[in-house]
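Enquirer: give me a model of this one.
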Amino acid sequence: MQAPEADLALMEQAVRDAGAIARKFYRGSYRKWDKAKGQPVTECDLAIDRFLCDRLCAARPDYGWLSEETEDDPERLHMKFVWVVDPIDGTVAFLKGRPYFTICAAVVERSRPVAGVVYNPIIGECFAAISGMGATLNGIQIHVSNRRELENCRMLGPKATFDCPPGIAPTVPWPPMHVETRNSIAYRLALVACGAFDATVALSAKHDWDLAAGDLIVREAGGCVTTHTGETFRYNGKMPVQSSVVAAGPALHAQLVARVSDVKLPA
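Expert: Numbering: from 1, shown residues only. Below is the predicted model of the structure:
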């Protein structure tokens, strides 16, 4: 068993090194295709995935592996520790030449993340956390905002989420908010963790690799992260999918869950 500090150091160096791969491809020429409708992938995604798998699994051969770009190995279900990796979270932003994608890695121990890194290789932001030890941005301690009111808060999420018909969004209209979005849900979580934004809401399913690192970083920064019905995420299940995401400081999180908990999401 490795100490979480050692795992974090290993992950942080690995994702920083992987950032060099991303920068090599960024705004350049590369192969790209769709895995399925609305699911783009590039040769950069695969190159980073191979690099991180080789680096992390060689260092920790007794850890399982779960990644967006690797065929799932059910052996991970029997492992105490599992690497949970997204080589590029926000591939659409990468494709459009926008600097809002991230490289994400976490260690999950018995369904909960214990160390995690979210790295934006273009802007140079490295968010990191260890369970029980707080969260940092480029080595500096961070904390969620203390915002208590929804009105005029800084919200991250698809703008359509806040202007949808009943059944998809709350029947009570949202108050005026400053709404922006980022293609990377991990980056949204990290921006909430450091207080750059007050909250993020995603009323759609996300995978474990999208969330594990950012979830830990928000919680270690003093925030709350749950499904839209207030349930805590459990990772490394047979189906590594979470139904929705709500993240914010405690006071604002409670208001958001109260507002969206009755929303019926597609099965």
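
Enquirer: low-confidence bits of the stretch 151-267 of the chain, can you list those?
Expert: For the stretch 151-267 of the chain, the stretches with pLDDT under 70 are 164-171, 267.

Enquirer: helices of that one, residue ranges please.
Expert: Secondary structure of the stretch 151-267 of the chain (DSSP state H, counting those that start in this stretch): helices at 185-193, 208-220, 250-260.

Enquirer: between the ones you listed, which gets nearest to A47?
Expert: Nearest to A47 among the helices of the stretch 151-267 of the chain is helix 208-220 (16.6 Å), distances taken as CB to CB. Just so you know, the C-beta spots here come from the backbone N, C-alpha and C atoms, and that holds for glycine as well.

Enquirer: what ranges do the strands span in the stretch 51-200 of the chain?
Expert: Remark: strands assigned in the stretch 51-200 of the chain by DSSP state E, counting those that start in this stretch are 64-67, 81-89, 102-109, 112-120, 125-130, 135-137, 140-141, 154-156, 178-180, 199-202.

Enquirer: now these in a markdown table, with mean neighbour count?
Expert: Converted to a markdown table, the strands of the stretch 51-200 of the chain look like this (neighbours: other CB atoms under 10 Å):
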| stretch | mean neighbour count |
| --- | --- |
| strand 64-67 | 22 |
| strand 81-89 | 28 |
| strand 102-109 | 30 |
| strand 112-120 | 27 |
| strand 125-130 | 25 |
| strand 135-137 | 22 |
| strand 140-141 | 10 |
| strand 154-156 | 22 |
| strand 178-180 | 15 |
| strand 199-202 | 25 |
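
Enquirer: mind putting these into JSON lines with distance to L252?
Expert: Putting those into JSON lines (distance: least, CB to CB, whole Å) gives the following:
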{"stretch": "strand 64-67", "distance to L252": "30"}
{"stretch": "strand 81-89", "distance to L252": "24"}
{"stretch": "strand 102-109", "distance to L252": "23"}
{"stretch": "strand 112-120", "distance to L252": "21"}
{"stretch": "strand 125-130", "distance to L252": "20"}
{"stretch": "strand 135-137", "distance to L252": "18"}
{"stretch": "strand 140-141", "distance to L252": "21"}
{"stretch": "strand 154-156", "distance to L252": "10"}
{"stretch": "strand 178-180", "distance to L252": "14"}
{"stretch": "strand 199-202", "distance to L252": "5"}
